[in-house]
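Chemist: sequence plus predicted model, see below.
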Amino acid sequence: MKLDKLVGERFKEKPTDCVIESHTLMMRGGYMKDVAKGLYSQYTPLKRICRKIEAIIREEMDAIGGQEVLFPVVLPASLWDESGRYESVGSELLRFTDRNKARMVLGMTHEEAAVQLVRDYARSYNNYPFMIYQIQTKFRDEARPRAGLIRVREFTMKDAYSFHTTQEDLERYYQVCYDAYNRIFARAGIPEVITVTSDSGMMGGSLSHEYMLLTPVGEDSIAICNSCDYRSNLEAAAHIVENQKDDHDEPLTKVLTPNIHTIEEICDFLKSPLEKSCKAVIYQTNQDDSYVVIFIRGDLEVNETKLTNYLGEEIHPATITEECGLKSGYIGPVNLTVNGKHTVIYDASLQGTNNLSCGANEEEYHYTGLCMERDVPEAEYIDIAKITEGAICPKCGKKTITISRGIEVGNIFQLGTKYTKTMNMQYLDADGDSHYPIMGCYGIGVGRLAASVCEAHHDEYGPVWPISIAPWQVHLCCLRSDDAEAKACADKLYEELQRQHIEVIYDDRKARPGVMFSDADLLGVPIRLIVSPRNLKESVVEMVTRDKSMQEKVSLENVIPAVKEWIEKLSAEQGA
């Protein structure tokens, strides 16, 4: 490929709507172009990178017995009716009707399609276990697409589905996939990816892990213990509390608190710390708008994922009306009145506590001296809080939790029989008895992985692509292409590199060296060859890696062997 024929532009200016470096560099470097919010077209460099990522994924999936299939992007709503997800999944699922008025969806995930594909085939235990996978376009109507390819609406994803007759066999294969994922990310250039336990969300299942690239620009929060190997997505992390009760119970006392509504304001007014308060957080369920009243220690936040899982339905922040009976800003657990259907939840952070402040369920009044055991004896406690920095590790029990940010680059789930039961997929065992197969699910976003590698490996000038997924292996620069000798030498090298099946992009434009090198930095190709009249006076070509870790001048007759040697060395260092 000659650079002057490469479709797309490279430019110095930073786009105004880019919030992270990978997005900025991919837009500046001519990797992609935005079409609409959360939708991008890929230019050749990014397409080549993604194709190489897909090749790595295919090799690793095939190596563990995966069979590649392909599901439709557009699916009939009837499949999602079978699983129950047509109604339960929110507006992220794009629903529409075709010209025949049939209800359809754009696939955001393909569990239903996987079950539909194999449920007739897999009626005998003899056909188990097996795993099928695809690399396919998906669409998720993301409410707030941002950060380039990190959060988009249309994306390419590898999703795999395994089917088993026993939980033990699923767990065995789950570990096989767990290890294969580690190899995929190492080969793609980010071996630093860590695994964290996670919430299964709409996917369902009993156990799931996410593969996270730790970075300050990540959108996920991760609880990490510095004393053991505990790692969990904040959504799934248990919040362990050590509640301490004061020696003396103060009387429950009503206090006038005019024009005070927030927990911070009442604690300032009473000159007491947040952790000695009980605050109310109010939601409504999406299904029927019934109220959910949560009481939690004042210094903590509600984990909405835990809450959704506990309720078994989606929720949204409440709109408090006069008719509901709640007194906004003054809600407390004593003498609480809620009109209509409602749920009251007490977080474990309140169990065994006393001498707290709380709302008095009366305009402009709060209580002091709240003792949960004495004043709210009917309370039952569950963990509904977000884990915090310095909290107790759920595994080792030490107060060593830190909160980090990360980008999710892959996930694996033990789905169990969630989909095979709802979609009536059964097999006969050796005794002729019917059973529901047990499923596993394994996903990797291809474009997000490419962007994550860029996020992990770049400098101020552009991406530094690992040799395994770089758009080309060699970037050949001919300085002073108006010099006949330099141009002839560079042309000959270009032809020979292609004959040797070495991927090369060739810049022979009549451009200044600064422009050439700036474009080369933005393309991030691992090995750069520089042909110039000055170098030819010494009968050498300059070789340098994109990260400047290797640099030398090589005689003209040894350029091709040296390039091959460097490719092998870079590949070996990466484990590609």
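Modeler: Yep, that arrived.
Chemist: okay, which residue is most central for the protein?
Modeler: By C-alpha atoms, centre = their mean, the mean C-alpha position of the chain lies nearest to residue 408, the distance being 2.6 Å.
Chemist: identify the bridge partners of that residue.
Modeler: Judged by DSSP bridges, the bridge partners of residue 408 are residue 212.
Chemist: quick one: end-to-end distance for stretch 210-218.
Modeler: End-to-end distance for stretch 210-218: 13 Å, by C-alpha to C-alpha, to the nearest Å.
Chemist: then stretch 224-241?
Modeler: Note: stretch 224-241 ends 17 Å apart using C-alpha to C-alpha.
Chemist: about what we covered before: isn't the residue nearest to the centre of the chain right up against residue 220?
Modeler: Yes. Counting by C-beta atoms under 8 Å, residue 408 does reach residue 220; the two are 5.5 Å apart. Every residue, glycine included, has its C-beta placed from N, CA and C.
Chemist: so what sits against both of these two?
Modeler: Jointly contacting residue 408 and residue 220 under the rule C-beta atoms under 8 Å, 6 or more residues apart in numbering are 210, 212.
Chemist: neighbouring contacts of stretch 552-562?
Modeler: Contacts to stretch 552-562, defined as C-beta under 8 Å, 6+ apart, come from residues 489, 493, 496-497, 500, 502, 529, 535, 538-543.
Chemist: which of the residues you listed lies closest to residue 109?
Modeler: Set against residue 109, the nearest of the contacts of stretch 552-562 by C-beta to C-beta is residue 502 (39.0 Å).
Chemist: ok, the closest one to residue 433 distance?
Modeler: In this view, residue 502 and residue 433 are 59 Å apart by C-beta to C-beta, to the nearest Å.
Chemist: those two: who's more crowded?
Modeler: Neighbour tally, residue 502 and residue 433, criterion other C-beta atoms under 10 Å: the higher count belongs to residue 502, 16 against 10.
Chemist: OK, contacts around that one?
Modeler: Applying C-beta under 8 Å, 6+ apart, one finds that residue 502 lies in contact with 473-474, 560, 563-564, 567.
Chemist: from residue 197, how far off is the residue nearest to the centre of the chain?
Modeler: Taking C-beta to C-beta, one finds residue 408 at 13 Å from residue 197.
Chemist: what sits in contact with each of the two?
Modeler: residue 210.
Chemist: alpha carbons of the one helix or strand residue 536 maps to, in CSV - could you do that?
Modeler: Secondary structure from DSSP states H and E places residue 536 in helix 533-537. Extracted C-alpha coordinates of helix 533-537, given in CSV (Å, rounded to 0.1, in the frame of the first residue of the first chain):
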residue,chain,number,x,y,z
PRO,A,533,20.3,10.6,0.3
ARG,A,534,22.3,11.1,3.4
ASN,A,535,21.9,7.4,4.4
LEU,A,536,22.7,6.2,0.9
LYS,A,537,26.0,8.0,1.0
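Chemist: next, the buried residues of it.
Modeler: Residues of helix 533-537 classed as buried by neighbour count (16 or more other C-beta atoms under 10 Å): 535-536.
Chemist: looking at that helix now, give me its mean pLDDT.
Modeler: The average pLDDT within helix 533-537 is 94.
Chemist: stretch 94-113 too?
Modeler: Per-residue scores along stretch 94-113 average to 96.
Chemist: ok, now stretch 480-500?
Modeler: Stretch 480-500 comes out at a mean pLDDT of 95.
Chemist: and that stretch, which residues are buried?
Modeler: Buried-residue list, stretch 480-500, by 16+ other C-beta under 10 Å: 480-481, 483, 486, 489-491, 493-494, 497.
Chemist: mind checking which of the residues you listed land in strands?
Modeler: Counting by DSSP state E, no part of the buried residues of stretch 480-500 is found in strands.
Chemist: nearest to residue 447 among those residues?
Modeler: residue 497 (28.6 Å).
Chemist: wait, the closest one sits on residue 563?
Modeler: Yes. When contacts are counted by C-beta under 8 Å, residue 497 is listed as touching residue 563 (7.1 Å).
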